[in-house]
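Trainee: coordinates for the following, if possible.
(chains A, B, C and D)
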Number of protein chains: 2
Amino acid sequence: MSNLREVAQIAGVSKTTVSRVFSNPEVVNEATKKKVLEAARLLNWQPSQTARSLALGRTGNLGLLIPDISNPAFGPPVREAQNHARQLGFSLFIAPGDGQSDDDRAMVQALASKVDGLVLVAPRMSDEQLNDLQRTAPITLVNRISPGIPSAVVPTQDGMNELVDHLVKIGHTRIAFMAGPTYSESSRYREYAFLEAIDRSTVEGLNLGHFLPTFESGAQATDQILASRATAVIGYNDIMAIGLMNELHRRGIRPGAELAIAGFDGSWLCTSVSPALTSVAIPFAEAIIAAVDQVTNLILGESVSENRLLPSTLIVRDSTPSFTQRPQAVGSNSRLAP
Amino acid sequence: MSNLREVAQIAGVSKTTVSRVFSNPEVVNEATKKKVLEAARLLNWQPSQTARSLALGRTGNLGLLIPDISNPAFGPPVREAQNHARQLGFSLFIAPGDGQSDDDRAMVQALASKVDGLVLVAPRMSDEQLNDLQRTAPITLVNRISPGIPSAVVPTQDGMNELVDHLVKIGHTRIAFMAGPTYSESSRYREYAFLEAIDRSTVEGLNLGHFLPTFESGAQATDQILASRATAVIGYNDIMAIGLMNELHRRGIRPGAELAIAGFDGSWLCTSVSPALTSVAIPFAEAIIAAVDQVTNLILGESVSENRLLPSTLIVRDSTPSFTQRPQAVGSNSRLAP
DNA sequence: ATGAAAGCGCTAACAT
DNA sequence: ATGTTAGCGCTTTCAT
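Mentor: This next block holds a predicted model:
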């Protein structure tokens, strides 16, 4: 491709003028502007972003680490964040964690050197690793707290309390929890919150252990759940809950009716299954957008509010019917209505 | 951050040597290499990608346009493609089309100037617009054909024929099709393929018209489908098919048993619903990887095979049971087994 | 094996 | 309103 100099030559102006036409158009004369634009079009030229970045010391790029791009919970938020970033004058590049590995670093490191700042959603990294990263580029966190790093988080405890309270209210006295992998901070938060919620309640809680955050894990846990005689199960995320639901279907056990199920995230998947899944909806879009605002402020050297808090919302659906609504439970998991 | 010169100074070598340590290490003496590395670590320095890009004339970045990042069909392929790209020495940046707009250009244009090449998956752009884009950066296409642009495509007709043949074989004589939006080339391909498949069959086909490729559209079409007296419905994609399935559930109509349903894409969503969705699986991962290979070849100035063809696979699941397997159909959609 | 010097394409003072 | 000049931080011939 041609370059600024050639355009300047053809337009009969200096390089500076050409530069200005593309970065600060108001300041240049209409007539000369037209000449320059004409020359540029003639050569099919547009400013090299790379050269621009070098001169400016900024790429205009932001990196976004998503733990699992296959998780429908993240699709819509990513799009919103991208639009938001563009409005701020930044391009947003996505690094998809693989959802099942305990280390996002390889992916993120590659990105870090190509962007002005990073937003990490529930990163699977130690505080120390986050600190290292921070020396390469400014970062902010979503649903993760680490000393000295701004973040936007949705407190887990509130949502978990609400969910457990709901289950108790509709009559459950033995509630199980499928935790995600141990390397996931999010899962640890939720696991801890579950135990807390049970503590402050009057019912029995049962931690089924750790599973990969996949659809298959839900099925995998089924035997254990049925044996546990719990009447309600909470999944670390919607995907696992739905995996369980599906396996129950397969075995001829009616989810909702015979075993109450709830998830976390509130992805659109919840309403794509039958019965629709009760879930604690996490406002990922808002959180990520808040974090994007934080990094851009960090980048521009402006002050940044340390920790934004955003509320979750319990969305009750058919997978946790109250006893009056649902058919009498039967089978090995049956229990009497209170 | 510090720069190459400072590192050179501290290590007591020239800039050139430092540069070589990071781009062509074999060629420099072990001892000096160690000194340089030491100095770099001391300053926490790593080469500026931007400066590097400018000098090399290449960014080392690839852009990937995905029509709808919320569609589970694309999550896993994107991850695979990213890994593949990294192995080729490129970072892959994702541009999420919004899935419902008729124009991906804004998003793509921004990317185009920041990458060495682009892979466009089923782009919603005219051939002309694609040609314009091509003047900014080399591009290759997935599931889209445009004159003069290399592509990796999965022929639609074969998959559609297989699917229709299957439905006919299990006894259906009136098959409906929910098309996607008119601006989607993919949908047009599939719509056309459906009509062709019906033509060469002995059964009746029914085109229900165009819908947004969303979960909600599936529900939206339900009335029309029930009124149509079709016994089988093919959705433009899995999401729409599952939306329909869900709505049937809500109305107390049993998908599979009372109305056969099939989708396209073969996303993991298919096995997350009950009954599991029959679908024509599209090997997006392979196709995107092939396209990535094509762009990188284009970038490196190597020769490129014009059009890679990849086969789809019909995956029959419980949403299209044969009559002998499924309960006798009842209600307004009832029909006699052949 | 290492260094000197020119240049990648743009922006930003600082003139005029 | 426009032009001059000096970089931004790296790579790369070409010497040595």
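Trainee: let me know the average pLDDT across stretch A:128-148.
Mentor: Stretch A:128-148 shows an average pLDDT of 94 in the prediction.
Trainee: same thing with stretch A:205-219?
Mentor: Across stretch A:205-219, the average pLDDT comes to 93.
Trainee: end-to-end on that stretch?
Mentor: With C-alpha to C-alpha, to the nearest Å as the measure, the first residue of stretch A:205-219 is 20 Å from its last.
Trainee: please see if it touches chain B.
Mentor: Yes - counting by C-beta under 8 Å from any C-beta of the partner chain, chain B is contacted by stretch A:205-219 at residue A:215. Where you see a C-beta, it was placed from the backbone N, CA and C, and this is true even at glycine.
Trainee: buried ones in that stretch?
Mentor: For stretch A:205-219, burial by neighbour count (16 or more other C-beta atoms under 10 Å in any protein chain shown) applies to A:205-206, A:208, A:210-219.
Trainee: now stretch A:57-65
Mentor: Residues of stretch A:57-65 classed as buried by neighbour count (16+ other C-beta under 10 Å): A:58, A:59, A:60, A:61, A:62, A:63, A:64, A:65.
Trainee: including secondary structure and distance to DNA strand D, could the buried residues of stretch A:205-219 go into a markdown table?
Mentor: Output for those, formatted as a markdown table (DSSP: H, G, I helix; E, B strand; the rest coil; distance: C-beta to the nearest atom of the strand, whole Å):
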| residue | secondary structure | distance to DNA strand D |
| --- | --- | --- |
| A:205 | strand | 54 |
| A:206 | strand | 55 |
| A:208 | strand | 50 |
| A:210 | strand | 42 |
| A:211 | coil | 44 |
| A:212 | coil | 39 |
| A:213 | coil | 38 |
| A:214 | coil | 40 |
| A:215 | helix | 43 |
| A:216 | helix | 43 |
| A:217 | helix | 44 |
| A:218 | helix | 47 |
| A:219 | helix | 49 |
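Trainee: which one of the residues you listed is nearest to chain B?
Mentor: Nearest to chain B among the buried residues of stretch A:205-219 is residue A:215, at 5.8 Å by C-beta to the nearest C-beta.
Trainee: how about the nearest residue to that closest one, chain neighbours excluded?
Mentor: Of all residues not flanking residue A:215 in the chain, residue A:243 sits nearest, at 4.0 Å (C-beta to C-beta, 6 or more residues apart in numbering or on different chains).
Trainee: next one: the host helix or strand of that neighbour to chain centre, how far?
Mentor: If you go by DSSP states H and E, residue A:243 is part of helix A:238-251. What separates the centre of helix A:238-251 from the centre of its chain is 22 Å, taken as C-alpha atoms, centre = their mean, to the nearest Å.
Trainee: next secondary structure after that helix?
Mentor: Counting by DSSP H and E, the element after helix A:238-251 in chain order, helix or strand, is strand A:260-265.
Trainee: who touches that next one?
Mentor: For strand A:260-265, contacts defined as C-beta atoms under 8 Å, 6 or more residues apart in numbering or on different chains pick out A:71, A:73, A:159, A:163, A:167, A:170, A:172, A:190, A:231-242, A:244-245, A:255, A:270, A:277-282, A:284, A:319-321.
Trainee: let's see 6 Å
Mentor: By C-beta atoms under 6 Å, 6 or more residues apart in numbering or on different chains, the list of residues contacting strand A:260-265 from outside reads A:73, A:163, A:232-235, A:237-238, A:241, A:245, A:255, A:277-280, A:282, A:319-320.
Trainee: which ones among those are found in strands?
Mentor: Using DSSP state E, A:232, A:233, A:234, A:235, A:278, A:279, A:280 are the members of these that sit in strands.
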